[in-house]
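Got a sequence here, can you build the structure:
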Amino acid sequence: MNPDIAYRIGRAYAEYLNPGQVIVGRDVRLQSASLAAAVSDGLLDGGAGVLDIGLCGTEEIYFQTFHRGSGGGIMVTASHNPMDYNGMKLVRQDSRPISGDTGLYEIRALAEQNIFQEKPVRGVLAKDDNKQEYIQHLLSYIDINALQSLKVVANAGNGCAGPVMDLLTRHLPINLVRIHFEPDGSFPHGIPNPLLPENRNVTSEAVIRHQADIGIAWDGDFDRCFFFDEKGRFIEGYYLVGLMAEVLLEKTPGAGIIHDPRLTWNTIDLVTQKGGVPIQSKTGHAFIKERMRCENAIYGGEMSAHHYFRDFAYCDSGMIPWLLIVERLSKTGQPLSVMVDERMRAFPCSGEINFVVDNTGAILNRIRNYFAADHPDIDETDGLSFTFPAWRFNLRSSNTEPLLRLNVETRADEVYLRDRVSEIKKVIEGNF
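Numbers count the residues shown, from 1 in each chain. Presented below is the predicted three-dimensional model:
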């Protein structure tokens, strides 16, 4: 990704979609400003208008696109990827994702050809980095008067979350402990990716040191939100999906809840208990958002810490989740550990285990043959999901890397969980 390619993408986007005005924003990475300027030039030369909202999170592009009724949005970001990476997230009107099925490949082909129609009039560039309407929208998800004066550790990882947190917390009674709030594209404390265990210690230790009620951390463009309980323990995203569904079903009884196939039992159990409708979708934001629209689901969640909300144009947000959880802590008086411990005991899980492989198809067939005699219930919504009376697992290929991703869960039996993970590993590695 470089300015020439970014310019071509802007031209191709404008020619393919004829979008009118496009919202453009960028993360804090050192190359992002020049790439945002280049993609904006391409849009303008393609006859589209550009509203540049400057440094922001991906969800701000989503918000401004649907809130302003714009024809589309482009976010320049590499999120949690290494220093020298960069890229773009593209949406069309109503913040609908542009995926391989909805124009991404066509835009790529136009950019590669680099032959564009000349426009008689260049688009108009405007700038507006005011976040107040976005902040007010976020606050609409909670009852501010119900909040207690909780102590919250927040680790922005020198990404884009810090300025938004400062704006939000002006309206809230919480006591905020700030970590790495200054946006800094050199990432002096490491790439903001809380999924890496080595990146969690600073947040965990701060929760314990400050005797905080909860800890929160984000990736660079804060479209994902990660939680630590009052003991400093990192909470697997899977259990947050169930908790978030529970919170939202109390606000909107009987609603649909979308989940992915990797880990499901806890979510299905909680949603059913609360009178909601659990609905499975293929993993990935484009699939989740499409299914949510089809079902008019109030919420969708992935174990990877993406949380999607109907009132946020079915898009993912890294700010709405922590607001809802802080409201929940305030209303119940229960710590986060109590909210998740029972669920973790009822449905223990392996977390995602990755295997570097040469031939994913051959291994999936090997798995299918190995377990065939046990007559599992097999679902192929996304990879292979095998369900047995006491346990289940999902094994799927990565969309971007030569990896197989394994997730296993059982019913209230951690020893059995470890045994089943060990068994599947042996089959994958050919040692059975």
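
List the contacts of stretch 94-101.
For stretch 94-101, the surrounding residues in contact (Cβ atoms under 8 Å, 6 or more residues apart in numbering) are 61-63, 65-66, 72-73, 90-92, 102, 104, 107, 285-286, 289, 313-315. Bear in mind the C-beta positions are built from the backbone N, C-alpha and C, glycine included.

change it to 6 Å
For stretch 94-101, contacts defined as Cβ atoms under 6 Å, 6 or more residues apart in numbering pick out 62, 65, 66, 90, 91, 92, 104, 286, 289, 313, 315.

Any chance of a PyMOL selection covering the buried ones in the residues you listed?
A single PyMOL command selects the buried members of these (16 or more other Cβ atoms under 10 Å):
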select buried, resi 62+65+66+90+91+92+286+289+313+315
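
Helices - which of the contacts of stretch 94-101 land there?
Within those, residues falling in helices by DSSP state H are 62, 65, 66, 104, 286, 289.

Widest-spaced pair of these?
66 and 104 (19.5 Å; Cβ to Cβ).

Just the pLDDT at the residue most central in space within the chain, thanks.
Centrality entry for the chain: nearest residue to the mean C-alpha point is residue 306, 2.7 Å, by Cα atoms, centre = their mean. According to the prediction, residue 306 has pLDDT 96.

these two touch, right, it and residue 318?
No. In this structure, residue 306 is not within contact of residue 318 by Cβ atoms under 6 Å, at 8.7 Å.

Please enumerate the shared neighbours of those two.
residue 224.

Assign the closest residue to residue 140 other than its chain neighbours to helix, strand or coil.
In space, residue 140 comes closest to residue 311 once its chain neighbours are excluded; the distance is 8.0 Å by Cβ to Cβ, 6 or more residues apart in numbering. Following DSSP: H, G, I helix; E, B strand; the rest coil, residue 311 is assigned to helix.

the helices in the stretch 301-432 of the chain, which residues?
Using DSSP state H, counting those that start in this stretch, the helices of the stretch 301-432 of the chain run over 320-332, 336-346, 360-371, 414-428.

Let me know which of these is tucked in deepest.
helix 320-332 (a mean of 20; mean count of other Cβ atoms under 10 Å).

What angle do helix 336-346 and it make with each other?
If you take axes from the mean of the first three to the mean of the last three Cα atoms, to 10 degrees, helix 320-332 sits at 100 degrees to helix 336-346.

Now do helix 320-332, average pLDDT.
In the prediction, helix 320-332 has an average pLDDT of 98.

pretty sure residue 73 is touching residue 91, no?
Yes. Counting by Cβ under 6 Å, residue 73 touches residue 91, with 4.7 Å between them.

and for the two, which residues touch both?
By Cβ under 6 Å, 6+ apart, the residues touching both residue 73 and residue 91 are residue 65.

What separation do you get for residue 328 and residue 246?
9 Å (Cβ to Cβ, to the nearest Å).

cool, residue 156 as well?
27 Å.

Between these two, which is the more surrounded one?
More crowded of residue 156 and residue 246, by other Cβ atoms under 10 Å: residue 156, with 26 against 19.

show me what contacts that one?
Contacts of residue 156 by Cβ under 6 Å, 6+ apart are 162, 180, 181.

Show me how this protein divides into domains.
3-129, 133-234, 237-346, 353-428 (automatic domain parsing).

Just the buried positions in stretch 351-360, please.
Buried, per 16+ other Cβ under 10 Å, within stretch 351-360: 352, 355, 357, 360.

Can you list which of the residues you listed are found in strands?
Mapping these onto strands (DSSP state E) picks out residue 355.

Now distance to residue 150 and pLDDT too, for the buried residues of stretch 351-360, in TSV please.
Output for the buried residues of stretch 351-360, formatted as TSV (distance: Cβ to Cβ, whole Å; pLDDT from 0 to 100):
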residue	distance to residue 150	pLDDT
352	30	93
355	40	95
357	45	89
360	45	88
